[in-house]
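Asks: got a predicted structure plus its sequence, pasted below:
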Amino acid sequence: MNNTRIFQLFGLILFISVLIAGCETDDSQTPEDFYDQGNFTIVLDAQKIPGQGQYRTVLESNETIDINVHIEAPANLESLLITKTVNLVVDESFGNQGSINVDASGTSFDYNFIYEPSIDDVDKLIGFTFEAKTSEGTKHISDLTASITLSPKDNLVTKKWNWTSIKHVNSLNMPNEEVIADCEKDNAYLFNADGSMSLQYGQDTAAGSCAFDGLNVYDRWYITANDEYFIMEKHNVFTPNITAVDTFKLKTLSIDKLELEQTIDLSVFGLTDEEIFLYSFIPVPREN
């Protein structure tokens, strides 16, 4: 038998082995891996995962868990106990020392479960156990595992945002001309969870293009409801009762980038009343 024939035979045996292994894996799955069965079930409006009564949901920290809990029981229901765990330990800050007790009735019962994640839930093993109990004392359980990642909006307040670029988008000299001054490259914004903010100036300040650093004090920031605009409010140190508003188009907001576009009237300087500037920032760890 020549070498080519040997290799062909070996490949055929390998293919058959993989096929048999795949079939054995499929045969090991049971109906309970795909849907719950029996006369006592708790079905969650979430992704079903292998295992009886096992469900999963994936979301970002600014989203809401909003699912329907449907219970079918062999006898009249008495209660639905919902318990939250963090890394398999009961979270006593949830409900009443970690649980919420819901009055249930009848043999068919629906409950709308709503939970607003916090940043503390991010990248942890978050679980919710739904335990139904009948008037006869019979109990049944389903579990929901929540995978919560940090949303770009929530990430804003956990970082300091360094200035990296200011581009004059519609510059007559050159489209997207870089116009950030050297003394601005060590500036950074701090956006706080309570809506307050500040602009931190680096060591290169109070001279040249940055001679007026500190003249404006930043007070508040927010993103409009439609996520279209990023608003910053500030006041001049000499007129503290007068609020000035900087309005930016929110071009990019991700975990590792913030881009804001501002249109400025520079006609008094011989330019147009719609000069467009694109500001870019990157996150770095914040000290507080």
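Replies: Yep, that arrived.
Asks: and for the residue nearest to Asn216 when sequence neighbours are not counted, the neighbour number?
Replies: Nearest non-adjacent residue to Asn216, counting by Cβ to Cβ, 6 or more residues apart in numbering: Lys234, 4.7 Å away. Bear in mind the C-beta positions are built from the backbone N, C-alpha and C, glycine included. By other Cβ atoms under 10 Å, 18 other residues sit near Lys234.
Asks: separation between Lys234 and Ile119?
Replies: 27 Å (Cβ to Cβ, to the nearest Å).
Asks: and His168, by the same measure?
Replies: For His168 relative to Ile119 (Cβ to Cβ), the value is 36 Å.
Asks: who's more crowded, these two?
Replies: Each of His168 and Ile119 has its neighbours counted (other Cβ under 10 Å); His168 has more, 21 against 16.
Asks: which residues touch stretch 192-207?
Replies: 157, 160, 182-183, 185-191, 210, 213-214, 216, 218-222, 232 (Cβ atoms under 8 Å, 6 or more residues apart in numbering).
Asks: list the buried ones in that stretch?
Replies: Buried residues in stretch 192-207, counting neighbours by 16 or more other Cβ atoms under 10 Å, are found at Met197, Leu199, Tyr201, Asp204, Thr205.
Asks: OK, contacts around the residue positioned nearest the centre of the chain?
Replies: The centroid of the chain falls nearest to Ser151 when counting by Cα atoms, centre = their mean (2.3 Å). Contacts for Ser151 were tallied using Cβ under 8 Å, 6+ apart; they are Glu60, Ser61, Asn62, Glu63.
Asks: could you rerun that using 10 Å?
Replies: By Cβ atoms under 10 Å, 6 or more residues apart in numbering, the contact list for Ser151 reads Leu59, Glu60, Ser61, Asn62, Glu63, Pro117, Ile119, Val122, Leu253, Ile255.
Asks: is Val86 in contact with Pro117, as I believe?
Replies: No - Val86 lies out of contact with Pro117 (Cβ atoms under 10 Å); the separation is 11.3 Å.
Asks: in this structure Phe130 contacts Asn101, no?
Replies: No - Phe130 lies out of contact with Asn101 (Cβ under 10 Å); the separation is 11.7 Å.
Asks: shared neighbours of these two, anything?
Replies: Common neighbours of Phe130 and Asn101 (Cβ under 10 Å, 6+ apart) are Leu80, Leu81, Ile82, Thr83.
Asks: list just the nearest of the residues you listed to Ile42.
Replies: Leu80 (8.3 Å; Cβ to Cβ).
Asks: who is that closest one paired with across the strands?
Replies: Here Leu80 sits in beta bridges with Val102, Ala132, as judged by DSSP bridges.
Asks: for Ile223, same thing?
Replies: Phe230.
Asks: how much space separates it from Arg286?
Replies: Noted for Ile223: a distance of 19 Å to Arg286, by Cβ to Cβ.
Asks: then Ser267?
Replies: For Ser267, the distance to Arg286 - Cβ to Cβ - is 38 Å.
Asks: more neighbours, those two?
Replies: Remark: of Ser267 and Arg286, Arg286 carries more neighbours, 15 against 11, as counted by other Cβ under 10 Å.
Asks: show me the contacts for that one.
Replies: Arg286 is in contact with Val157, Thr158, Lys159, Lys160, Trp161, Ala188, Leu190, Phe191, Asn192, Gln200, counting by Cβ under 10 Å, 6+ apart.
Asks: neighbour-wise, which of Phe130 and Asn101 wins?
Replies: Higher neighbour count among Phe130 and Asn101: Phe130, with 24 against 14, using other Cβ under 10 Å.
Asks: for that one, give me the pLDDT.
Replies: Turning to Phe130, the model gives it a pLDDT of 98.
Asks: look up how far Ser209 lies from Asp182.
Replies: 8 Å.
Asks: could you give the bridge partners of Ser142?
Replies: Beta bridges link Ser142 to Phe130 when assigned by DSSP bridges.
Asks: for whatever helix or strand Ile148 lives in, buried residues please.
Replies: Here Ile148 sits within strand 139-149, counting by DSSP states H and E. Residues of strand 139-149 classed as buried: His140, Ser142, Asp143, Leu144, Thr145, Ala146, Ile148, Thr149 (neighbour count, 16+ other Cβ under 10 Å).
Asks: contact partners for the fifth one?
Replies: By Cβ under 10 Å, 6+ apart, the residues touching Thr145 are 46-47, 49, 54-58, 85, 125-128.
Asks: could I get the residues you listed as TSV with neighbour count?
Replies: As requested, those are exported to TSV (neighbours: other Cβ atoms under 10 Å):
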residue	neighbour count
Ala46	21
Gln47	12
Ile49	13
Gln54	18
Tyr55	22
Arg56	14
Thr57	20
Val58	12
Thr85	18
Leu125	14
Ile126	22
Gly127	18
Phe128	25
